[in-house]
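Student: build the 3D model from these lines:
(3 chains)
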Amino acid sequence: MQFDIQRLTRCAVLTALALALSVAEGLVPLTILFPLPGLRLGLANLVTVYALCRLSGRDALLILSARCLLGALVGGNLTALAFSLAGGLLAFLAMWALLHAPGLSLFGVCIAGAAAHNTGQILAAMAVLGSSAALAYLPPLLLSSLATGTATGAASILLIRRLPASGLMRHL
Amino acid sequence: MKKLLIFPLTCLLLLTGCALPGTESKASSCQFFAMDTIMSITAYGSSADGAMVAAQQEINRLEALFSRTRDDSDISKLNAAAGSGQAVTLDPETVSLLDFARDYAPWFDITIAPVMDAWGFTKDSNRVPSQEELNRLLPLVDASRLEVDADRSVAQLPQAGMAVDLGGVAKGYAGDRAVAILAEHGITSAILALGGNITALGTKPDGSAWNVAVKDPKDTSKYICVIPLVNKTAATSGGYERYFVENGVTYHHIIDPTTGYPANSGLLSVTVVADESKKADLLSTYCFVLGADRALDAWRTWTDGTELILVKTDGTVLITEGLEEGLDFQGKERGYECQIVRR
Amino acid sequence: MNARSSAADRTRPTLLDGAVVLFIVVAAVALFIALKPAGGSVLTATVTVDGQVIAQYDLTHLTEPETLEVSDVPYPLVIRAEPGRIRVEKSSCPDNDCVHIGWISSAGGQIICLPNRLIISVTGSSESTVDGVTG
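Tutor: Predicted coordinates for the structure are as follows:
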């Protein structure tokens, strides 16, 4: 029972963190610098990586779904839910698979996660628009994911070294 | 990251920069919005600019006569007096167009307006009317009861609630008038796009025919075929142009005047090529409602060189023999099958 | 329970990270080439809302600027077409991505306003092939 409460608290704290990160990111949109719809740093992915490495795949998925649902509630629209879920789930799958592959560092994992996230968003946009028009944005978004993925990769390495799982509650 | 983004953008610019500039003699073109659609005229020759202004003014004049939404138009006056027992004096042009169009009832009926209104197609607030409502409205749809007296230039709708809408033929007539105005100004080479109606005046300046593409009704960014056009109009009617979906059922805007429901004739689109633009415009709707078999029966009786392209829902494209020469069929890779129809 | 991975303990990029990068670059370039627009001297801008065409501009033959106010959508916006280019001038949508993207002026260019399900796309065609489109 104690374990469950600990796990629950850990997931809740991480969900809140992910939500805060994605809101914070929305306050300083990268798209003003680079006019490319869908472009963002993907800070919330940090939490997914952390949860995948230090907790479990199941917890990571739980945190991700909760973050997307709450984000849509805060933002107040269903389309946003489709977007963050499509992007988030695809990123989750890519990172989960790559974390099980040997020989990669978190840079590669996060870059793949960012690329998968962008792909998911474009797929959602295609579904919403009922047109393949949005596909034209994917190549530049994929290239930009190399940069954003490297940034979140570096950040996740720091995060994971500073916050081992057992010490999470103490640190927070 | 900036560098990474600049690469594809530069490629994009280079690609378009490679395109050869046009080599034709000087073309003038204008675009404007009239009769609820986008119109464009491209004309060649030194007097083209003035001619196009005159043509545009002519179309605006006709819109003022035929519009249903302007209170002072001929059609609004005629509709307002429906059932009053008073014949309304109208412009001779309006009267002759009413006279021309009412002959195609019941398959094409200019008095369909009450039913179109019930479907909301005229107001952009679509809904499916109940069968009782349609049963009440359908008796009002009968162009044969429209009284037209060309000598006195008057017309009359005998029953209150009846209404005329020239939407299915006004653009076509405007095409004929615009071409006449361009010709009066000495233009011998022009192409007009009044909504989906393409009218070719003469040939291109190099003497070759204008190439006119027919849209693929399933993928409007692609073409079913390209046909050569000289001094003719190609007009198309298709359910894909305007429609709405309710409870999973698609309702398009071409209403069969005999049933009050969207025409379910097994056709995706009909393109008519005719000498007169008003004829092409009207017949495209007429044939869409008729369905392929009866449209071809009608075609066999025509002697004025009017030709048809019928795109059926099963993917068959029926093209009448007069369009065979110079035909470039492009629908094959998307599953369409082309059949030439002989008399 | 804990899915600890060796990746979590590395602090430097590995060779396989390079493979991931290479894969993404190849995918992006392949997609870019596959989507390469048909070039042509005539540019047409098409504005669609919910898949239905609401306006079309022949950008090449446009002589003076035109402004289109789209008010029948969740977030009304204003589109401006000029000879050879088109943009969203202002929009009441929250993120304004469609405005930030600025002018598009080449074949294959796209502006998408997702909240409005509005797409502006510029396509190119060569003048000699098709002079008019019916339908």
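Student: where's the closest residue to chain A within the stretch 101-250 of chain B relative to B:Gln156, distance?
Tutor: Nearest residue of the stretch 101-250 of chain B to chain A, counting by C-beta to the nearest C-beta: B:Ser221, 9.7 Å away. Where you see a C-beta, it was placed from the backbone N, CA and C, and this is true even at glycine. Plainly put, B:Ser221 is 46 Å away from B:Gln156 if you go by C-beta to C-beta, to the nearest Å.
Student: of the two, who's got more company?
Tutor: Legend: neighbour count by other C-beta atoms under 10 Å in any protein chain shown for B:Ser221 and B:Gln156, higher for B:Gln156 (20 against 10).
Student: what is the more buried one paired to in the beta sheet?
Tutor: B:Glu147 (DSSP bridges).
Student: model confidence for it, exactly?
Tutor: As predicted, B:Gln156 sits at a pLDDT of 96.
Student: also B:Pro8?
Tutor: 46.
Student: can you pull the contacts of B:Thr250?
Tutor: Each residue near B:Thr250 by C-beta atoms under 8 Å, 6 or more residues apart in numbering or on different chains is listed here: B:Gly239, B:Tyr243, B:Phe244.
Student: top of those by number of neighbours, please.
Tutor: Neighbour-wise, these (other C-beta under 10 Å) top out at B:Gly239, 21 neighbours.
Student: surely that one and B:Ile255 touch.
Tutor: No. Using C-beta atoms under 8 Å, B:Gly239 makes no contact with B:Ile255, being 10.6 Å away.
Student: joint contacts of these two?
Tutor: B:Pro262, B:Ala263.
Student: can you list the residues of chain C near chain B?
Tutor: C:32, C:36-37, C:39-41, C:52-53, C:55-58, C:61-63, C:66, C:72, C:106-109, C:123-124, C:126-135 (C-beta under 8 Å from any C-beta of the partner chain).
Student: the same query, at a cut-off of 7 Å, please.
Tutor: Residues of chain C that fall close to chain B, judged by C-beta under 7 Å from any C-beta of the partner chain: C:32, C:36, C:39-41, C:55-58, C:61-63, C:106-108, C:124, C:127, C:129-135.
Student: which helices and strands does the host helix or strand of A:Val47 pack with?
Tutor: If you go by DSSP states H and E, A:Val47 is part of helix A:44-54. Applying 3 or more C-beta pairs under 7 Å, 6 or more residues apart in numbering or on different chains; DSSP states H and E, we find helix A:44-54 packed against helix A:2-27, helix A:57-75, helix A:78-100, helix A:106-129, helix A:138-162.
Student: which other residues reach it?
Tutor: A:14, A:17-18, A:21-22, A:59-60, A:63-64, A:67, A:91-92, A:95-96, A:99, A:106, A:109-110, A:113-114, A:117, A:152, A:155-156, A:159-160, A:164-165, C:3, C:5, C:8 (C-beta atoms under 7 Å, 6 or more residues apart in numbering or on different chains).
Student: contact partners for the residue in chain A that chain C sits nearest to?
Tutor: Using C-beta to the nearest C-beta, the closest approach of chain A to chain C is made by A:Gly108 at 3.3 Å. Applying C-beta under 7 Å, 6+ apart to A:Gly108 gives the contacts A:Leu98, C:Thr14, C:Leu16, C:Asp17, C:Val20.
Student: what's the neighbour count on the nearest residue to C:Asp97 once chain neighbours are set aside?
Tutor: Nearest in space to C:Asp97, with sequence neighbours left out and distances taken as C-beta to C-beta, 6 or more residues apart in numbering or on different chains, is A:Pro37 at 4.2 Å. Residues lying near A:Pro37 (other C-beta under 10 Å) number 21.
Student: residues contacting A:Pro37?
Tutor: Applying C-beta under 7 Å, 6+ apart, the residues near A:Pro37 are A:Thr31, A:Tyr137, C:Asp97, C:Ile101, C:Ile112.
Student: near chain A, which residues of chain C?
Tutor: C:1-3, C:5-8, C:10-14, C:16-17, C:20-21, C:24, C:27-28, C:31-32, C:35, C:51, C:95, C:97, C:100-102, C:108, C:110, C:112, C:114, C:117, C:119, C:121.
Student: quick check, pLDDT for residue 20.
Tutor: Answering for chain A, as no chain was given. 89.
Student: correction: the question concerned chain C.
Tutor: C:Val20 is given a pLDDT of 92.
Student: wait, doesn't it sit right on A:Ala112?
Tutor: Yes. The pair C:Val20 and A:Ala112 qualifies as a contact (C-beta atoms under 7 Å) at a distance of 5.2 Å.
Student: sweet, I'm off.
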